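1. for reference, the sequence and a predicted model appear below.
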Amino acid sequence: MASRPGILTDWPWKPLGSFKHVILAPWVIHSTYSFMIKDGKDLSTFLAFPLLLWRMLHNQLWISLSRYRTAKGNNRIIDKAIEFDQVDRESSWDDQILFNGILFYVGIHTIPGASHLPMWRLDGVIITALIHMGPVEFLYYWLHRLLHHHYLYSRYHSHHHSSIVTEPITSVIHPFAEHISYFILFAIPLITTILTGTASVASLAGYITYIDVMNNMGHCNFELVPKWLFTIFRPLKYLMYTPSFHSLHHTQFRTNYSLFMPIYDYIYGTMDKSSDTLYEDSLKRPEEAPDVVHLTHLTTPDSIYHSRLGLAYLASNPQKSKWYLSLMWPVTLWTMMLTWIYGRAFVVERNRFHKLRLQTWTIPKYNIQYNLRWHTASINTLIEEAVLEAEEKGVKVLSLGLLNQGEELNRYGELYVQRYPRLKTKVVDGSSLAVAAVLNSIPKGTTQVLHRGNLSKVAYAVVLNLCRRGIQVAVPYEDDYKRLKKSFGSRSDQNNLILSKNYSIKTWLVGDGLKGEDQKKATEGTLFIPFSQFPPKKLRKDCFYHSTPAMAAPASLENVDSCENWLPRRVMSAWRVAGIVHALEGWNEHECGYTMSDIDKVWQASIQHGFKPLVITAQSKF
């Protein structure tokens, strides 16, 4: 929002929220009906909706590319962070596509010659290019300078400049009034070719796509225009801007006003003197070598949309199933094939915490594949390759997230340490901190808990520590009870472990394998505390569900603009936090296999570094 919002700041359909896209329905239905039913089919009008869909897909591809490249770090321009406030401010980037779509349909039906266009006319393409290079670029330059006048800047353009570090979609984040002026400007070539009878589908769609390409490219936070282009054709530096050129406009404000052609900044003396230097420095910038890597994987087929490289507004909120994603199954299938073809871990996120450089890498495999034995070898190969890549890059700690540390898969990561005994990168499964997070989630004064779920390294340690603290652990199934009791050995506190089907106990420790029928047996007000990587299905509205083992990140953790799976904003899984703390403390040992670090030591170290335990209040059911 601008510092002093003026009139026509908000979009007219803002009250519709996520249902705003229905405003296009009448136009789309009418054009489709006319094309399918009526005589004299107008293909150019029918293609208006596919063009809008292409623009959305095109913008999304730029978003994913930009986020991937800035996470890797090579050719990055600005090191400052992007946070949730910017993501929220830019979540309405498709408003301008809806706005343009409505005006396109209105123009088709009201402007003579705007319908029944040919697919191609060379003269129309040339006229469009010339008018853009002349009047459009010139008028935009002076409009842009006018928007930087303090009166208009405070009421409108400051909203766009709230983003110092830009992303591709930053390019279209403006108040409604600004978009009206931009549309009038960019409509000059379109209307001219229509009125002169030289318009074609290619000239209209091509010009709109050109604007999108240049807008998105200019707002990427990495330099992608190769230097050899300017070496081969030197005048190109006056005819095409670069991301670093426009990035200076967002940091210096009073320079580099041009749209896509810097020539007007050269003519009127507003060219930033550091433009060439920043451009060359950005091109030379190497890929960033992280200190800590968290190795995770995709979960459900539509989890790609919730990842940081997917849909930004979904990634910035805890992962939940969305009905409309089922309509996107062709795209989902395509992304699954793409990840399968890629076949290696890829970078999805970059953070900084004090002096540590953090990255999150994702294995291109899904939950269902981890549950298939014939995928075990290929998954372990991918993880092993990631471990060796981390070793080559000098990574201090690699933490294993989600199913990457499965006992049946690789014995909690011990497999890689055994294969490479001289491994300098420390492999951390984070079990000790996960146990500590569960223990500190149990309400004070609790004397009895019920354990239900598959047994794991974390489950054994949680039960052992509870019994050691004098808290009675009830286990309803005999097989689980025997295995837990056997793990105690001859300890005297094994008497706190009991075989009981007392479902009236108010605190349940639950893991994978918790069934719906188990939850139905719980009494009203029961607190479910997960000890596994995945949360249970929340079937009871009269009960409380704690988060999976996790901690809130300190404010000094930078560049947090997405959620970790189903966790709330700025909350990290204990397994991920454990890797960070391991590096901060400089601990020179692995934490994997069946060994575990000192639980209290790891917990206190996490607290000292600013991580905070999650608290569930008695009033919050979620």
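-> Cool, the structure landed. Numbers count the residues shown, from 1 in each chain.
2. list the buried residues of stretch 473-482.
-> Using 16 or more other C-beta atoms under 10 Å as the test for burial, stretch 473-482 gives 473, 474, 475, 476, 480, 481. C-beta: built from backbone N, CA, C; applies to glycine.
3. return the distance of residue 455 relative to residue 3.
-> Remark: distance between residue 455 and residue 3 (C-beta to C-beta, to the nearest Å) = 57 Å.
4. that older thread, got the buried residues of stretch 473-482 as JSON lines, with distance to residue 333 and pLDDT columns?
-> Converted to JSON lines, the buried residues of stretch 473-482 look like this (distance: C-beta to C-beta, whole Å; pLDDT from 0 to 100):
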{"residue": "473", "distance to residue 333": "45", "pLDDT": "95"}
{"residue": "474", "distance to residue 333": "45", "pLDDT": "95"}
{"residue": "475", "distance to residue 333": "43", "pLDDT": "95"}
{"residue": "476", "distance to residue 333": "41", "pLDDT": "94"}
{"residue": "480", "distance to residue 333": "39", "pLDDT": "93"}
{"residue": "481", "distance to residue 333": "45", "pLDDT": "93"}
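5. hmm, back to that, neighbour count: residue 455 and residue 3, which is higher?
-> Shown here are residue 455 and residue 3; by other C-beta atoms under 10 Å, residue 455 has more neighbours (19 against 11).
6. near residue 341, how many other residues are there?
-> Here the number of neighbours of residue 341 (other C-beta under 10 Å) works out to 8.
7. actually residue 452, not the one I wrote
-> For residue 452, the count of nearby residues is 23 (other C-beta under 10 Å).
8. and for residue 327?
-> Per other C-beta under 10 Å, the neighbour tally for residue 327 reads 10.
9. doesn't it fall inside a strand?
-> No. Membership of residue 327 in a strand is not supported by DSSP: H, G, I helix; E, B strand; the rest coil, which gives helix.
10. and the gap between it and residue 575?
-> With C-beta to C-beta as the criterion, residue 327 and residue 575 are 33 Å apart.
11. in the worst-scoring helix or strand of the chain on mean pLDDT, what's buried?
-> Lowest mean confidence among the helices and strands of the chain (mean pLDDT, DSSP states H and E): helix 329-342, at a mean of 86. By neighbour count on 16+ other C-beta under 10 Å, the buried set for helix 329-342 is 332, 335, 336, 339.
12. and for stretch 548-562?
-> Using 16+ other C-beta under 10 Å as the test for burial, stretch 548-562 gives 548, 549, 550, 551, 552, 553, 557, 558, 559, 560, 561, 562.
13. just stretch 587-603 next, same as before
-> Of all the residues in stretch 587-603, those buried under the rule 16+ other C-beta under 10 Å are 587, 590, 591, 592, 593, 596, 597, 599, 602, 603.
14. quick one: distance of it to the chain centre.
-> Distance of stretch 587-603 from the chain centroid (C-alpha atoms, centre = their mean, to the nearest Å) equals 30 Å.
15. can you list the residues that contact it?
-> Contact with stretch 587-603 is made by 400, 405, 411-414, 416-417, 423, 426-433, 435-437, 439-440, 457, 461, 465, 578, 581-582, as judged by C-beta atoms under 8 Å, 6 or more residues apart in numbering.
16. helices of the stretch 251-400 of the chain, start to end?
-> With DSSP state H, counting those that start in this stretch as the criterion, the stretch 251-400 of the chain has helices at 263-267, 275-284, 303-306, 312-315, 329-342, 367-370, 376-392.
17. and those helices, which is most packed in?
-> Greatest average neighbour count among those goes to helix 303-306 (a mean of 22), per mean count of other C-beta atoms under 10 Å.
18. residues making contact with it?
-> Residues from elsewhere that reach helix 303-306, judged by C-beta under 8 Å, 6+ apart: 298, 310-311, 314-315, 319, 325, 328, 332, 335-336, 339, 366, 563, 565.
19. the same query, at a cut-off of 10 Å, please.
-> With contacts defined as C-beta atoms under 10 Å, 6 or more residues apart in numbering, helix 303-306 is touched by 60, 64, 297-300, 310-311, 313-322, 325, 328, 331-332, 335-336, 338-339, 362, 364, 366-367, 562-563, 565-566.
20. list the buried residues in stretch 149-161.
-> Within stretch 149-161, the residues scored as buried using 16+ other C-beta under 10 Å are 152, 153, 155, 156, 157, 158, 159, 160, 161.
21. what would the buried residues of helix 329-342 look like in a markdown table with distance to residue 355?
-> A markdown table is the format used below for the buried residues of helix 329-342 (distance: C-beta to C-beta, whole Å):
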| residue | distance to residue 355 |
| --- | --- |
| 332 | 39 |
| 335 | 36 |
| 336 | 38 |
| 339 | 33 |
